[in-house]
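[1] missing the sequence, but the structure's below:
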């Protein structure tokens, strides 16, 4: 009984392949492909296609943020603040109240201004040296928008940042505008 044509072609191909390659060569190439395959998603092309579109990257905080009242937790600069607002304690959005001093260390956030639709880098500093401010509950904010775990402390708002000051007593938190965030 004659062999089917497909069997004859596949046998010929396999014999020619075996004639100029070895099992070790095949296994080394297979190993190289298996090691290199997980790297493909890291290539810039893959990251660019997976990047969120400008309208998709808006967080829940950014959807509801306002730019009128800086003594409310939904004020646009407070996207990553954690603490009592200094504006409710005799200071300002970016200034400490009299008798307290800003921490030399800050955590950062990138907040979107609803008025112009642009994102800005905001540095949050704790004001230290006075007992905690007795502000209304509406002035105590805990925003966790894009907050990172403690292994990235510069993006974590749960730390009291008063170390480095003469007094480590926490009073309130400010939100100083650093500049325009670069767009991707």
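    Cool, got the structure. This structure is a prediction, so every number in the text was calculated from the model and none was measured.

[2] Any idea how many residues pack against residue 66?
    Neighbours of residue 66 under the rule other C-beta atoms under 10 Å: 12. Backbone N, C-alpha and C define where each C-beta goes, glycine included.

[3] swap that for residue 139, please
    Around residue 139 there are 19 residues (other C-beta under 10 Å).

[4] pretty sure it is touching residue 86, no?
    No - in terms of C-beta atoms under 8 Å, residue 139 does not count as a neighbour of residue 86; the distance is 9.2 Å.

[5] shared neighbours of these two, anything?
    For the pair residue 139 and residue 86, residues contacting each of them under the criterion C-beta atoms under 8 Å, 6 or more residues apart in numbering are residue 133.

[6] Tally up the residues packed near residue 128, please.
    Using other C-beta under 10 Å: residue 128 sits among 24 other residues.

[7] Name the nearest residue to it, sequence neighbours excluded.
    Counting by C-beta to C-beta, 6 or more residues apart in numbering, residue 162 is the residue found nearest to residue 128 once chain neighbours are left out, at 3.8 Å.

[8] for stretch 2-20, what is the average pLDDT?
    Model confidence over stretch 2-20, given as mean pLDDT, is 84.
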